[in-house]
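below are the sequence and a predicted model for it; my questions follow.
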Amino acid sequence: MPSEDTLRRCLACRDTLPPSARFCPGCGRDSHTELAEAGRGEQRGRALPAASSLASRSSTQYGEPRSAESSAAPVNDQLPPMRIAPGTRISVYRIDQVIGEGGMGVVYRAYDEALKREVALKCLHSNLAGDAEIRRRFAREARILQSYLHPNVVSVFDFVEHDYLLAMVMELVEGPTLVQHLAKWRGHMPLHEIRHLFSAVLQAVEAGHRHGVVHRDLKPDNILVTGTGDAMRPKIVDFGIARILEGTTYTMTGAFLGTCCYMSPEQVQRPHAADPRSDIYSLGVTLYQLCTGRLPFEGNHFAVMMAHVNETPRPPSALRRDLPLELERLILQALSKDPKGRPATCAQFLERFESALGALPTSLPPSSGPLPEVVKGRDGGEMVLIPAGAFLMGPQKRSVHLDAFYMDRTPVTNREFARFVEVTGYRPTDAAAARFIPALLNGKLGKREENHPVAYVSWFDARAYATWAGKRLPSEAEWEKAARGVDGRKYPWGRLEPSKVRANYGNKDGGTVAVGSYPAGASPYGVLDMAGNVWEWCEDFDAPEFYEDGPSTNPRNEDPGERLVMRGGSYMFGPRALRTYSRTSFEAHYRFAGGGFRCARSI
């Protein structure tokens, strides 16, 4: 064993240097520089140069041309920079900006000047790049990943090694992580969207396993979501990257502290034991989180790891009541402590996952031709097609994509609702039921009021009618698109200020008028009475932050709250309430003279 006197030490941080290491594992300093400094008798541990000095030198450290005055080989006597300056060229790649950072490295947006495309460069932190074994593993994993192609996995194009720099050149994917996407749903992502995303993740991981590639660090932070609507898809990053640090002193010093929430019991007990079944456990944790908005185990890092080994997770249905029983069973099986108790493969996991959600729609059915622009509902009312695509939502005009749907041309009328009551015998029994359509119940609904919008209906009353009619209440986003179109207009008819020929408003003593009385106030799709007359119930629970910054595809706030959204203004309110982005909310049982509804229908 070498004596204390013969051990090589880094002059900057005094860590022991491995025999063959050029770079210090602790701080990344070049050991060749240390020898040069020692020969010159310079002091150890001198101050780090200013950032501007590092930035000015970084362009020469990647092989940029030098002036004639500096043609002699320089001595690299400084620490590698923590950030690579914008404009720096690494091989054929020009650095643009930092787009992310994790325990292992920094990810930069860059431009491939040879192939004329934008790429992402994942650069290993300099303290890790100083370890010869980590460098070897990094190069090996990069080569493996270059040969593994899947539409739901971020592609690796190239591998760059230059001095202290190690980088993978990857496909640049624009979009949030899956955990950020889930946060947009406030932890209540619709089951059909979970199906769409998670099925693709299972397919990608299964393909990796067939190629002998185990991810080892599957979690929503390592899954990106790109595109919108039917084009939305997940892209898995960092396949096999966790293997680079296995068995090193860096594994639990910051690089993977966030991973313990998704770590299989066998990884906790034997870090080298990771195999495809460990990935399946991590996918089980991910699916639990997607369905409930919570992790199966929470707490400090050590407590969470011990829980993975010893504790039983809370049933997902305790956190989400609409979860199918078969899906809950599958999630809990994937979280089995014994690897043999989990689905044997991701293909088996996928088959059971699809079966558990078999009744849910996956995408729009194929059509032999264009959808009709107008259809008749079961209740006899006209419904107007609202095409699929993006529109500008809210006062901030954020882009939101919606699938195609049909919307009632006018609000539900007294006559239509009276027929529903007659056929079904519907009567509310809540504490406020005495306010339920008094004119209808006491027989005083006159002929003149038959075509007026029904009022004094609660959210529950409106849903009951919609279910009977084979329809549903519109989401808040659907209501706004039907009123606003795609050009971000202020009012359904455009940008002209309200007038009495376009809407029934500011008329507190006058009451409602017959539906369709204001054709000049029609929306771009020909939907009538979207401004004034009566406020209209939507399906969403009210959460202003969800409205302002919710998902960008088919948002619908199903997270239970105290109040539900109403849109459109009423005859009692002024012109501000007529704006396409004006909104209010009430408790579900609330009934009042200015509150009605219209229905929507999925395609």
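Yep, it's here.

drop to CA atoms for contacts and neighbour counts, all remaining ones
OK.

going toward the C-terminus from the helix or strand where residue 193 lies, what's the next helix or strand?
For residue 193, the element it lies in under DSSP states H and E is helix 191-210. Beyond helix 191-210 in the direction of the C-terminus, DSSP H and E gives the next helix or strand as strand 223-226.

for that following strand, name the packing helices and strands.
helix 178-184, strand 233-236 (3 or more C-alpha pairs under 8 Å, 6 or more residues apart in numbering; DSSP states H and E).

return the set of buried residues in the next helix or strand after the last one.
Next along the chain after strand 233-236, taking DSSP H and E as the criterion, comes helix 265-269. Buried positions in helix 265-269, judged by neighbour count with 16 or more other C-alpha atoms under 10 Å: 265, 266, 267, 268.

pretty sure residue 187 sits against residue 293.
Yes. The pair residue 187 and residue 293 passes the contact test of C-alpha atoms under 8 Å, sitting 3.8 Å apart.

what's the first-to-last distance across stretch 334-345?
Terminal residues of stretch 334-345 lie 10 Å apart, using C-alpha to C-alpha, to the nearest Å.

tell me, how many neighbours does the residue lying closest to residue 600 once chain neighbours are set aside end up with?
Excluding its sequence neighbours, the residue lying closest to residue 600 (C-alpha to C-alpha, 6 or more residues apart in numbering) is residue 407, at 4.4 Å. As a burial measure, residue 407 scores 28 neighbours (other C-alpha atoms under 10 Å).

try residue 419
The burial count for residue 419: 12, using other C-alpha under 10 Å.

quick check: pLDDT value at it.
Residue 419 is assigned 91 on the pLDDT scale.

gap between it and residue 592?
Here residue 419 is placed at a distance of 21 Å from residue 592 (C-alpha to C-alpha).

what's the helix holding residue 193 packed up against?
Contacts defined by 3+ C-alpha pairs under 8 Å, 6+ apart place helix 191-210 against strand 233-236, helix 276-292, helix 346-356.

give me that answer again for 7 Å
Applying 3 or more C-alpha pairs under 7 Å, 6 or more residues apart in numbering; DSSP states H and E, we find helix 191-210 packed against strand 233-236, helix 346-356.

can I get those in CSV including mean pLDDT?
Shown next, in CSV, are the helices and strands packed on helix 191-210 (pLDDT from 0 to 100):
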stretch, mean pLDDT
strand 233-236, 94
helix 346-356, 96
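
looking at those, which one is packed in the most?
Comparing these by mean neighbour count (mean count of other C-alpha atoms under 10 Å), strand 233-236 ranks first with a mean of 24.

what sits against residue 284?
331, 334, 335 (C-alpha atoms under 7 Å, 6 or more residues apart in numbering).

I'd like to know which of the residues you listed are buried.
Applying a neighbour-count criterion of 16+ other C-alpha under 10 Å, the buried members of these are 331, 334, 335.

quick one on the thing from earlier: ok, residue 187 and residue 293, which is more surrounded?
Of the pair residue 187 and residue 293, residue 293 is the one with more neighbours under other C-alpha under 10 Å, namely 21 against 18.

would you enumerate the residues in contact with that one?
Counting by C-alpha under 7 Å, 6+ apart, residue 293 has contacts 187, 188.

same question for residue 121.
Taking C-alpha under 7 Å, 6+ apart as the criterion, residue 121 is in contact with 107, 108, 109, 110, 167, 168, 169, 170.

how about residue 378?
Residue 378 touches 469, 470, counting by C-alpha under 7 Å, 6+ apart.

ok, now how distant is it from residue 179?
For residue 378, the distance to residue 179 equals 40 Å [C-alpha to C-alpha].

helix or strand for residue 565, which one?
Assessed by DSSP H and E, residue 565 sits inside strand 564-567.

what's that strand in contact with?
Under the contact criterion C-alpha under 7 Å, 6+ apart, strand 564-567 has outside partners 535-538, 540-542, 582-588.

partner strands of that strand, parallel or antiparallel?
strand 535-541 (antiparallel), strand 583-586 (antiparallel) (DSSP bridges).

tell me which of these sits most buried.
strand 535-541 (a mean of 28).

which strands or helices does the following helix or strand past it pack on?
Where DSSP H and E defines the elements, the next helix or strand beyond strand 535-541 is helix 544-549. Helices and strands touching helix 544-549, by 3+ C-alpha pairs under 7 Å, 6+ apart: there are none.

dump the C-alpha coordinates for helix 544-549 into CSV.
Extracted as CSV, the C-alpha positions of helix 544-549 are listed here (Å, rounded to 0.1, in the frame of the first residue of the first chain):
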residue,chain,number,x,y,z
PRO,A,544,-58.0,30.4,-11.2
GLU,A,545,-54.5,29.1,-11.3
PHE,A,546,-55.7,26.0,-13.3
TYR,A,547,-57.4,28.4,-15.8
GLU,A,548,-54.4,30.6,-16.1
ASP,A,549,-51.7,27.9,-16.3
